[in-house]
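Q: Have a look at this prediction, sequence included:
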Amino acid sequence: MRRLTFALLVAAAGLHAADSCENIRSLHLDHARVTAAKATAAGPFEAGRVRIDLPPFCRVSLTLEPSADSDIRVEVWLPETGWNGKYQGVGNPGWAGAIVYADLAQALRRGYATASTDGGHSNGSTALFALGHPEKLIDFGYRSVHEMTLRAKEVITAYYGDAPRRSYFSGCSSGGRQGLMEAQRYPNDYDGIVAGAPTNNWTNMMFGRIWIAQASHRNEAGYIPPAKYAALHAAVLEACDRLDGVKDGVIEDPGRCHFEPAVMLCKAADDSSCLTAPQVEAARKIYSSAKNSRTGEVIFPGVEPGSEMGWSTLAGPKPFGLADEHFKYVVFKNPEWNFLSLDFDGDLAAAVKVDAGILSAVNTDMRAFWERGGKMIQYHGWADQQAQPRNSPNFYQRVLDAAGNRAKVMDSYRLFMVPGMGHCGGGDGTSSFDMMSALEQWVEKGDAPDKIMAAHRVNGLADRTRPLCAYPAIARYKGEGSTDEAANFGCVLR
């Protein structure tokens with residue numbers, strides 16, 4: 001009632017949009033403060049690394065304090081005209097640490113009222129914030145997005161006089177993990193969620209990343225320099241590209257690719273066209289799953305054949321910072337910790353205990369989200385070099401097994417694997433697609449997506465289109481017509 005009265009008073013006073021926006025500053029919110037509210041004119045907008053033309057909007061800044069040690073920054077952007085009546089929350093990459101202006105801008109241009117959070121700290125994408133601050137780790141893990149969502153809806157209602165009729169969330173990488181966490185912990189927050197390349201099996205994934213780092217640096221003779229990636233990638237394509245019936249520089253189904261790195265063994269002098277014996281062994285381990293050497297238990301899958309051009313992220317001169325910092329600042333609380341000391345037999349239990357569900361979103365029971373009509377689209381690139389992609393079909397299968405009814409799961413939750421796509425985009429595959437429109441059609445019209453059209457673009461122009469198929473189906477060439485046109489492919493089960 002209080003929020004509706006505020007909006008009605010604004011309307012009754014005949015205030016202009018600028019006045020309406022400024023008056024948001026007087027809005028009372030639980031455990032939160034409005035720190036700025038300013039009408040922003042149409043035209044060029046610049047923040048962070050983003051510079052883009054935007055329609056006029058009300059830009060609201062909040063500070064949320066759900067705990068004594070919380071300092072969560074949020075921005076809510078409200079279209080001055082043309083609001084579509086809906087809200088979209090956007091996710092964060094890595095350790096968060098900043099507002100995601102590019103995704104706010106994209107949502108605003110589509111007519112959404114939208115919000116982003118810094119995840120509860122302003123340290124940039126580093127985990128140093130977590131050392132000695134357990135409440136801030138909780139904010140990063142799940143609380144910041146939930147609190148952002150509650151407060152954003154209150155701001156939207158105050159500004160427009162109506163609550164959003166639909167609420168959506170979209171994020172990739174850590175943002176995908178945030179989406180899954182929302183569905184599992186707070187099923188009433190969103191009607192639809194797009195979860196891209198989710199790092200939802202967070203703790204196990206960190207072991208998977210250190211596995212690759214150790215494979216590359218335990219014996220420095222095994223380190224594979226980036227100069228060799230192209231030759232290794234070409235050898236993988238030579239072995240597996242044609243398995244789907246089309247030679248196109250993309251592996252449709254890496255699960256069918258059984259590549260043996262020994263084919264790259266140097267026959268004479270070591271150069272960029274071959275691998276030394278220690279490098280062959282390192283490549284085998286990078287492709288393999290991280291395991292407990294004592295029990296053989298799989299901890300996390302390896303990267304897939306076809307991902308080689310992006311290996312510098314995980315196997316480069318130093319381990320990917322996300323994993324290194326996780327163990328330094330979250331698990332062992334020792335900034336001097338060395339990744340070569342990680343024990344895959346003994347340290348997993350300790351790391352899972354520290355996580356305690358704060359960071360990992362692996363609950364396979366999402367019935368509360370589904371039963372209220374929630375829909376989720378998950379996607380992942382098969383050539384992802386940062387969040388090993390096999391995690392997504394593995395998790396999806398666990399959800400199916402837990403539900404015991406594939407049709408029931410597919411009524412609410414679908415996975416789309418993207419051949420040749422790297423982490424959240426890029427690569428040689430058809431990595432340009434519109435998951436949000438597909439989600440809207442599913443939530444609002446009941447049109448469940450069996451396939452989603454995607455394109456590969458060069459300088460903004462599409463030179464290839466393909467259907468992305470709802471897992472476990474894959475795109476299969478029909479045998480006639482251009483292999484660069486989606487119409488000549490159908491979705492078939494493996």
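A: Great, that's in hand. Residues are numbered from 1 along each chain as shown.

Q: Isn't Cys240 up against Ile251?
A: Yes: at 5.1 Å, Cys240 and Ile251 qualify as touching, with contact defined as C-beta atoms under 8 Å. Yep, even glycine has a C-beta here, placed from its N, CA and C like the rest.

Q: intersection of neighbour lists for those two?
A: Common contact partners of Cys240 and Ile251 (C-beta atoms under 8 Å, 6 or more residues apart in numbering): Cys257, Pro305, Gly306.

Q: need the helices for the stretch 201-350 of the chain, in chain order.
A: All helices of the stretch 201-350 of the chain, identified by DSSP state H, counting those that start in this stretch, fall at 202-217, 229-240, 277-287, 312-315, 321-325, 347-355.

Q: Which one of those has the poorest average confidence?
A: Of all those, helix 312-315 carries the lowest average pLDDT, namely a mean of 82.

Q: for that one, packing partners?
A: Contacts defined by 3 or more C-beta pairs under 8 Å, 6 or more residues apart in numbering; DSSP states H and E place helix 312-315 against helix 202-217, helix 277-287.

Q: Out of these, which is the most enclosed?
A: Stretch with highest mean neighbour count among the helices and strands packed on helix 312-315: helix 202-217 (a mean of 24; mean count of other C-beta atoms under 10 Å).

Q: Now do that one: which elements does it pack against?
A: Counting by 3+ C-beta pairs under 8 Å, 6+ apart, helix 202-217 packs on helix 277-287, strand 290-291, strand 298-300, helix 312-315, helix 321-325, helix 347-355.

Q: any idea of the angle it forms with helix 277-287?
A: 170 degrees (axes from the mean of the first three to the mean of the last three C-alpha atoms, to 10 degrees).

Q: any low-confidence regions in the stretch 101-250 of the chain?
A: By pLDDT under 70, the stretch 101-250 of the chain contains no weakly predicted segment.

Q: What distance do you get for Trp337 to His133?
A: 18 Å (C-beta to C-beta, to the nearest Å).

Q: The two - which one has more neighbours?
A: His133 (19 against 16; other C-beta atoms under 10 Å).

Q: Quickly list what the spatially closest residue to Glu444 that is not a sequence neighbour is bridged to.
A: The spatially closest residue to Glu444, leaving aside those adjacent along the chain, is Arg166, at 6.8 Å (C-beta to C-beta, 6 or more residues apart in numbering). Counting by DSSP bridges, Arg166 forms beta bridges with Lys86.

Q: Surely Ala462 is within a helix?
A: No: assessed with DSSP: H, G, I helix; E, B strand; the rest coil, Ala462 is strand; it does not lie in a helix.

Q: I'd guessed it sits against Ala455; true?
A: Yes: here Ala462 reaches Ala455: they are 3.9 Å apart, a contact under C-beta under 8 Å.

Q: so what sits against both of these two?
A: In contact with both Ala462 and Ala455: Ser432, using C-beta under 8 Å, 6+ apart.

Q: count of neighbours near Glu371?
A: Neighbourhood size, Glu371 [other C-beta under 10 Å]: 10.

Q: Give me the phi and psi for Gly106.
A: Careful, residue 106 is Gln and not Gly. phi -60, psi -40 (degrees, to the nearest 10).

Q: okay, now it: neighbour count?
A: Residues lying near Gln106 (other C-beta under 10 Å) number 17.

Q: for Leu348, same thing?
A: Using other C-beta under 10 Å: Leu348 sits among 19 other residues.

Q: Equivalent analysis for Ser288, please.
A: Other residues close to Ser288 by other C-beta under 10 Å number 15.

Q: quick one, what contacts it?
A: The contact partners of Ser288, by C-beta under 8 Å, 6+ apart, come to Gly302.

Q: Show the pLDDT at it.
A: For Ser288, pLDDT reads 97.

Q: Tabulate the shared contacts of Cys240 and Ile251 (CSV), appending distance to Gln178, pLDDT and neighbour count.
A: As requested, the shared contacts of Cys240 and Ile251 are exported to CSV (distance: C-beta to C-beta, whole Å; pLDDT from 0 to 100; neighbours: other C-beta atoms under 10 Å):
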residue, distance to Gln178, pLDDT, neighbour count
Cys257, 31, 96, 19
Pro305, 29, 98, 24
Gly306, 27, 97, 32
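
Q: Point out the ones among those residues that are inside strands.
A: With DSSP state E as the criterion, strands contain none of the shared contacts of Cys240 and Ile251.

Q: which of the residues you listed lies closest to Ala36?
A: Ala36 lies nearest to Gly306 out of these, by C-beta to C-beta, at 46.1 Å.

Q: hang on, Thr114 packs against Gly91?
A: No: using C-beta under 8 Å, Thr114 is not in contact with Gly91, being 11.7 Å away.

Q: Identify the contacts common to these two.
A: Asp103.

Q: For Ala383, pull up the helix or strand it's in.
A: Under the criterion DSSP states H and E, no helix or strand holds Ala383.

Q: Can you tell me how far the spatially closest residue to Val250 that is not a sequence neighbour is from Glu281?
A: In space, and not counting its chain neighbours, Val250 is closest to Gly420: 3.7 Å by C-beta to C-beta, 6+ apart. From Gly420 across to Glu281, the span is 27 Å (C-beta to C-beta).

Q: Need the contact partners of stretch 417-430.
A: With contact meaning C-beta under 8 Å, 6+ apart, stretch 417-430 is reached by 93, 172-173, 196-197, 249-253, 306-307, 309-310, 313, 379-387, 389, 392-393, 431, 433, 454-456, 464-466, 468, 471, 475.

Q: Many thanks, have a good one.
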